[in-house]
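Participant: Whatever this is, show me its structure:
(one chain, ligands or ions: 3)
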Amino acid sequence: MCPPAEGNNNGVNGHANGSANGVMSHEGFTAIETGQNPHPQRQRNPYQPVGDFLSNVSRFKIIESTLREGEQFANAFFDREKKIEIAKALDEFGVDYIELTSPAASEQSRLDCEAICKLGLKSKILTHIRCHMDDARIAVETGVDGVDVVIGTSSYLREHSHGKDMTYITNTAIEVINFVKSKGIEIRFSSEDSFRSDLVDLLSIYSTVDKIGVNRVGIADTVGCASPRQVYDLVRTLRGVVSCDIECHFHNDTGCAIANAYCALEAGATHIDTSVIGIGERNGITPLGGLMARMIAADRDYVKSKYRLEKLKDIEDLVAAAVEVNIPFNNYITGFCAFTHKAGIHAKAILNNPSTYEIINPADFGMSRYVHFASRLTGWNAIKSRATQLNINLTDEQCKQCTAKIKALADVRPIAVDDADSIIRTFYRNLHHAENKPLLPDLTPEEKAKVAEKEKELNGQPEKRALDEAVADQAPAKKAKA
Ligand SMILES: CC(=O)SCCNC(=O)CCNC(=O)[C@H](O)C(C)(C)COP(=O)(O)OP(=O)(O)OC[C@H]1O[C@@H](n2cnc3c(N)ncnc32)[C@H](O)[C@@H]1OP(=O)(O)O
Ligand SMILES: O=C(O)CCC(=O)C(=O)O
Ligand SMILES: [Zn+2]
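Facilitator: Ligands and ions are numbered 1, 2, ... in the order given. The predicted model follows:
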């Protein structure tokens, strides 16, 4: 039995979670589960935000809008029970606020809002309304902790949505804000389509509502047109104009929703709107998990101290099932290959120290990392780890020979963990018992032809010997368990 490589305390051998020899079925392919080993303590995180008096990267709050923006996702329908389940899950996760659909939207929406307010969650409950006294009167009766008021300020929306000018908007905003404040609950005023609004109009109305005592003003990139630099500039300018908190809401039409949220925080925003897996109008907004990924890379201590990160996957599964979508393969944190390392160069380094190719520690989210070793891109270091995991002791030289055999088959067709394991086991047994058992599982006639072709190509090359041995006998190796 080979000991693990020198200094290799994070590899397939060191199962911190005690799940030894974890060959996991991993949604579509199989790989070595390396367990939840921590990244070694870093002296200094070079990606830590630069000290900056404006930045709120280390003290941001989340306004979770799955039950408002998320309900605007094309596939969404949440009944009362599902809303409550989602609200409780978000509360357990630790979001600061949960935003609910306007009670003016429908009678059921109003009743559901009241029911969620009565749950006594730790997260504050908000509802989201138009800048209109009729909506405000309904909202304050629901029992919410606060009201998020919005009205479009861009010329597009002023002309083609509500048809009101800035004077009307300002006067109505003042009336609604004063009314909600008089009920002793939080009030936020937001300009819809902020990035296509006139800057003077924006600063003027934000300054007015700040003076009358809103808790927050909101900037909304309603059409997802803003770039991180534009976000930074606008938020920083606004930070110099208002003294209240600043909330930001970013749509993802041009792929910037997470980066924009981060830049907003760097520029002095205090609250970010999210939804689980990003669901919302069109292709949605900043995803909760994606924001967590970004923020944990910036300030791990803050994020870990505030949010129950290990609950993220369950919440995403809950919402994905409710709206009948799959979690994308490349989803932040929870995508099925978010922590899977395949190429031999990566695998070797990851097995020695996960920080080499991971900026996020999967264990922080209760996730595992995997080394995908059953492919032609594998290397002898990954195969050595796998052999060790199978309690098979091979010298480095033997591992290299065995790896060549695995690659020979993987050049012909996709291989599974079972195929690679069979080759490792049979290779080992042949070494020790001179049985000369077949090294490969059954091949189809087409595969045999391909192998033969490959053999011709490899003629005279070092791989030739491996192939010759590999195809010498085609009896199923799976039966020959070590
Ligand atoms: C960018 C965003 O996501 S904002 C949030 C969007 N959320 C929602 O729309 C909630 C769900 N919506 C609804 O249930 C309905 O649209 C309601 C109940 C709000 C309004 O329904 P209706 O009265 O039938 O109006 P409809 O939806 O056709 O049009 C919107 C109305 O609100 C007005 N309006 C639109 N935005 C605003 C605003 N921010 N503030 C005040 N009034 C507004 C429009 O002028 C229009 O009024 P009109 O009746 O004079 O034409
Ligand atoms: O209320 C807000 O700030 C945002 C409203 C909204 O969903 C949007 O503008 O996209
Ligand atoms: Zn939105």
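
Participant: Near ligand 2, which residues of the stretch 251-400 of the chain? Just list them.
Facilitator: With Cβ under 6 Å from any ligand atom as the criterion, the stretch 251-400 of the chain meets ligand 2 at residues residue 251. Every residue, glycine included, has its C-beta placed from N, CA and C.

Participant: Okay, now the unreliable bits of the stretch 251-400 of the chain?
Facilitator: Screening the stretch 251-400 of the chain residue by residue with the criterion pLDDT under 70, one finds no matching range.

Participant: where along it do the strands fall?
Facilitator: Assigned strands in the stretch 251-400 of the chain, in chain order: 271-274, 340-341, 369-371 (criterion: DSSP state E, counting those that start in this stretch).

Participant: could you dump those strands to TSV with mean neighbour count?
Facilitator: TSV is the format used below for the strands of the stretch 251-400 of the chain (neighbours: other Cβ atoms under 10 Å):
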stretch	mean neighbour count
strand 271-274	28
strand 340-341	24
strand 369-371	26
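
Participant: And stretch 348-361, end to end?
Facilitator: Taking Cα to Cα, to the nearest Å as the measure, stretch 348-361 stretches 17 Å from start to finish.

Participant: Report the distance from that stretch to the chain centre.
Facilitator: Relative to its chain's centre, stretch 348-361 lies at 18 Å (Cα atoms, centre = their mean, to the nearest Å).

Participant: Residue 92 and ligand 1, how far apart?
Facilitator: When distances are taken as Cβ to the nearest ligand atom, to the nearest Å, residue 92 and ligand 1 turn out to be 27 Å apart.

Participant: so what's the residue nearest the centre of the chain up against?
Facilitator: Nearest to the mean C-alpha position of the chain, counting by Cα atoms, centre = their mean, stands residue 332 at 2.3 Å. For residue 332, the residues meeting the contact criterion (Cβ atoms under 8 Å, 6 or more residues apart in numbering) are 258, 287, 289, 290, 292, 293, 338.

Participant: Now with 6 Å, please.
Facilitator: In this structure, residue 332 makes contact with 289, 290, 293, judged by Cβ atoms under 6 Å, 6 or more residues apart in numbering.

Participant: for residue 312, same thing?
Facilitator: Under the criterion of Cβ under 6 Å, 6+ apart, the contact list for residue 312 reads 289, 365.

Participant: ok, 10 Å please
Facilitator: Contact criterion Cβ atoms under 10 Å, 6 or more residues apart in numbering gives 89, 93, 276, 288-289, 292-293, 332-334, 364-367 as the residues in contact with residue 312.

Participant: returning to that earlier point: please report the distance of the residue nearest to the centre of the chain from ligand 1.
Facilitator: Noted for residue 332: a distance of 23 Å to ligand 1, by Cβ to the nearest ligand atom.

Participant: Of the strands of the stretch 251-400 of the chain, which is nearest residue 254?
Facilitator: Shortest distance between residue 254 and the strands of the stretch 251-400 of the chain, using Cβ to Cβ, is found for strand 271-274: 17.1 Å.

Participant: Now tabulate the contacts of residue 332 in TSV and tack on distance to ligand 1.
Facilitator: TSV is the format used below for the contacts of residue 332 (distance: Cβ to the nearest ligand atom, whole Å):
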residue	distance to ligand 1
289	21
290	20
293	25
